[in-house]
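> Sequence plus the predicted model coming up.
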Amino acid sequence: FSDARQDSVSRGSESDSPPYQNEEGEWYISLGARRRMTVRKYQGRILVDFREYYEKDGRALPGNKGLSLNEDQFRILTTHLEGAVEEIKRLHGTSWKQ
C-alpha cells in the first residue's frame, strides 16, 4: 500500500469507538492509538487490513507492520472469534471485560 493512503490522525483509541471512513472512503476502526483495522479493495480483491500507523505532518500514514487477510481468511477468523473470547475468559478468569 502506498503512502497516498492517508487521512487525519486517529480520532481516538477506545475499543468501542465508532467506525470511520478515510479519504479513500475505506471503512476502518481504531484498535488503539496507532493501530487500525481497515476494510479495503486492493487490486480487485477485498482485504481486511490490520496495520500500525505513524504520524507525519499531522497525518496518519500506514506503516509496514501489519497483516492483510483475504475474505476466506477473515471468514475463518470470524468463525473462531467466539471460541477465542471463551479462551480469553478462561485464561483471565471472570475478571475479563468484553
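Here it is on my side, so go on.

> ok, which stretches of this protein are helices?
For the chain, applying DSSP state H gives helices covering 71-79, 81-92.

> can you list these in JSON lines and add mean neighbour count, distance to residue 65 and mean pLDDT?
Yep, even glycine has a C-beta here, placed from its N, CA and C like the rest. JSON lines is the format used below for those (neighbours: other CB atoms under 10 Å; distance: least, CB to CB, whole Å; pLDDT from 0 to 100):
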{"stretch": "helix 71-79", "mean neighbour count": "11", "distance to residue 65": "18", "mean pLDDT": "97"}
{"stretch": "helix 81-92", "mean neighbour count": "10", "distance to residue 65": "22", "mean pLDDT": "91"}
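
> Any idea what the residue positioned nearest the centre of the chain is bridged to?
Centroid check for the chain by CA atoms, centre = their mean gives residue 37 as the closest residue, at 1.2 Å. Beta-bridge partners for residue 37, by DSSP bridges, are residue 29, residue 50.
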